[in-house]
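Trainee: coords please:
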Amino acid sequence: MRSDQAKKGLERVGNRALLYATGLTKEDMNKPFIGLASSFTNLVPGHINMRDLEPLIEKGIKEAGGQPFIFGVPAICDGIAMGHKGMHYSLPSRELIADEIESIAQAHALDGLVLLTACDKVTPGMLMAAGRLDIPCIVVTVGPMHSGEYKGKRLSLVRDTFEALAAFKAGKISKEELDALECHACPGAGSCQGLYTANTMNCITETLGMSLPGCGTSLALSQKKKELAYESGKTVMELVKHNITARKIMTAAAFRNAIRMDMALGGSTNTALHIPAIAHDAGLEIPLELFDEISREVSHITNLRPGGEDFMEDFDRAGGVMAALNVLKDKIESSKTVCGKDIKKLADEGNVLDSKIIHTLDNPYHKEGGIAVLKGSLAPGGCVVKQSAIAPKTLKFTGKARVFESEETGMKAIMDGKIKKGDVVVIRYEGPKGGPGMREMLSPTSAIAGMGLSEDVVLLTDGRFSGGTRGPCIGHISPEAAEGGPIGLVKDGDTIEIDIPNRSIELRVPSSELEKRKKEWKAPEPKIKTGWLTRYAKLVTSANTGAILR
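Mentor: Just a heads-up that it's a prediction; the model follows:
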């Protein structure tokens, strides 16, 4: 066993003495040591019920002959961190999570890991650690939150709070209704109710083969989730027994399958950061262009919020990831999963229980997948847009630039009613380096939607968007402004032309003028000059490479 290096032999007398101090017996010393990395915190709704799942996972590990050890991993709620300095720390926390799990697993020579996770950056951070360590690992995603309810209407976080704020500002709803929505939109534990980043990552994790079938969509407070937690504890012991390590599951084929599922469901654009980063730590490279290549081949078959009206609970009831795999089975490649079955076998076993929720490839919501990758003079390195959440009339758009040097100044202009139909809002210096941390911009995108401008205004940024964003919002523009990218050269009144079907994004300014501006451009002072984000800004790469650290 891997853990023998920490517990076997004469020279490990001291090591064993310390392990006995934790309550272990001599018999326990002969068992595989299994880490349970839990991101429990009562600060984040997606994580508040993990204390109920931890003992079930431990029980499964013990009954299968292992010795579990719990250790903590930090978690940030993007919704709570949204719109203020806290959002600088969200994407960078992905690296901290991966580093911490790597550190604990290596320092204590663990034989395997169960990764108990929820929320946007925690799941990718844990998968990155699994890829780095390449030991037996299984992921337990806590699952979606149930919908809220107010006067017989189902509620979700983004539509009924962030967008409702702007609707109130525009006089579309009363203060009484806004207060009611605030109190009822999020009724309890779980990842927010739509196909936002957390739930997209849940589904991708299951498709990658790193969690048990059904784990991606089963609700956080369901009995099914408790059963899956227990079974995951047992399953990790099978992985240890047969030395099925993370890289044997997270293969190139598995990542392509994950992108296919992402495109079919219409998932968050943040996957264009997370999937390449996870693959990188698994020893593989996933170019941004692969997302677009697969998007042209895989149709969009669900209509979940934010783009549609269905909830994650509807998708789960309709058969979840297994059902979607069944629809995609002719496009899915053979790949191992933690349950021991090939993903193609699981696809055969899937069953669509509600064809109104999960469509066939012959009758999709959109012919192409959820994400499109655009390139052009404004984004030579590429940028991303959730095309499945855009009205058809906005797929091609030409407008005049309204330029803002930060999210805050852009948000103020939107809330003050200074953005008009036909504007292209450009928010820059919010990329991985310039942010630093590539802040998520749910506030301005929700404000635009809440004010009824989502079909008449485009928002461009070198930052990123929430999985809850809808409308023509184009992010990850690379190179970012802080690296001297063209987005840093845009001026108010410049014409910007966007053509999503043809994958182009052009700044219609003469090349001679751009050269002049480039010579005059100077890198701005860092926004944050203390703490670990100063190191992060020096090491982080562009968004089109997954914002990994080099």
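Trainee: Got phi/psi on the residue nearest to Glu349 when sequence neighbours are not counted?
Mentor: Using CB to CB, 6 or more residues apart in numbering and skipping residues adjacent in sequence, the residue nearest Glu349 is Met322, 6.6 Å away. In this view, the C-beta of every residue, glycine as well, is placed from N, C-alpha and C. Backbone torsions of Met322, given as degrees, to the nearest 10, read phi -60, psi -40.
Trainee: And for Met322, the neighbour number?
Mentor: 20 (other CB atoms under 10 Å).
Trainee: likewise Glu11?
Mentor: Close neighbours of Glu11, defined as other CB under 10 Å, add up to 7.
Trainee: What's the separation between it and Gln106?
Mentor: 19 Å (CB to CB, to the nearest Å).
Trainee: Look at the residue nearest to Val509 when sequence neighbours are not counted and say how many residues are nearby.
Mentor: Closest residue in space to Val509, ignoring its immediate chain neighbours: Asp494 at 5.5 Å, by CB to CB, 6+ apart. Look at Asp494: counted by other CB under 10 Å, it has 20 neighbours.
Trainee: Tyr365 now?
Mentor: Neighbours of Tyr365 using other CB under 10 Å come to 17.
Trainee: tell me the phi and psi of it?
Mentor: phi -70, psi -40.
Trainee: which residues sit in contact with it?
Mentor: Applying CB atoms under 8 Å, 6 or more residues apart in numbering, we find Tyr365 in contact with 266, 299-303, 308, 359, 388.
Trainee: Mind doing that once more with 6 Å?
Mentor: Tyr365 makes contact with 300, 303 under the criterion CB atoms under 6 Å, 6 or more residues apart in numbering.
Trainee: Quick check: it vs Ile343, distance?
Mentor: For Tyr365, the distance to Ile343 equals 24 Å [CB to CB].
Trainee: coming back round to it: from Leu507, how far off is the residue nearest to Val509?
Mentor: From Asp494 across to Leu507, the span is 6 Å (CB to CB).
Trainee: same question, Phe168
Mentor: Going from Phe168 to Leu507 by CB to CB gives 35 Å.
Trainee: ditto for Leu53
Mentor: Leu53 is 49 Å from Leu507, by CB to CB.
Trainee: Pick out whichever of the two has more residues nearby.
Mentor: Leu53 (25 against 20).
Trainee: Look at the more buried one and tell me its secondary structure.
Mentor: Leu53 falls in the helix class when you classify it by DSSP: H, G, I helix; E, B strand; the rest coil.
Trainee: hang on, it packs against Glu227?
Mentor: No. Using CB atoms under 6 Å, Leu53 is not in contact with Glu227, being 10.6 Å away.
Trainee: Spatially nearest residue to Asp499 (excluding sequence neighbours)?
Mentor: Among residues not flanking Asp499 along the chain, Lys396 sits closest, at 5.2 Å (CB to CB, 6+ apart).
Trainee: phi, psi of that neighbour?
Mentor: Geometry field for Lys396 lists phi and psi as phi -120, psi 130, criterion degrees, to the nearest 10.
Trainee: Where does pLDDT dip in the stretch 251-400 of the chain?
Mentor: Regions of the stretch 251-400 of the chain meeting the criterion pLDDT under 70 are absent.
Trainee: Helices of that one, start to end?
Mentor: 252-265, 271-281, 288-295, 312-317, 320-327, 343-349 (DSSP state H, counting those that start in this stretch).
Trainee: Check which residues of the shortest one are buried.
Mentor: Meaning helix 312-317. Going by neighbour count (16 or more other CB atoms under 10 Å), the buried part of helix 312-317 is 312-317.
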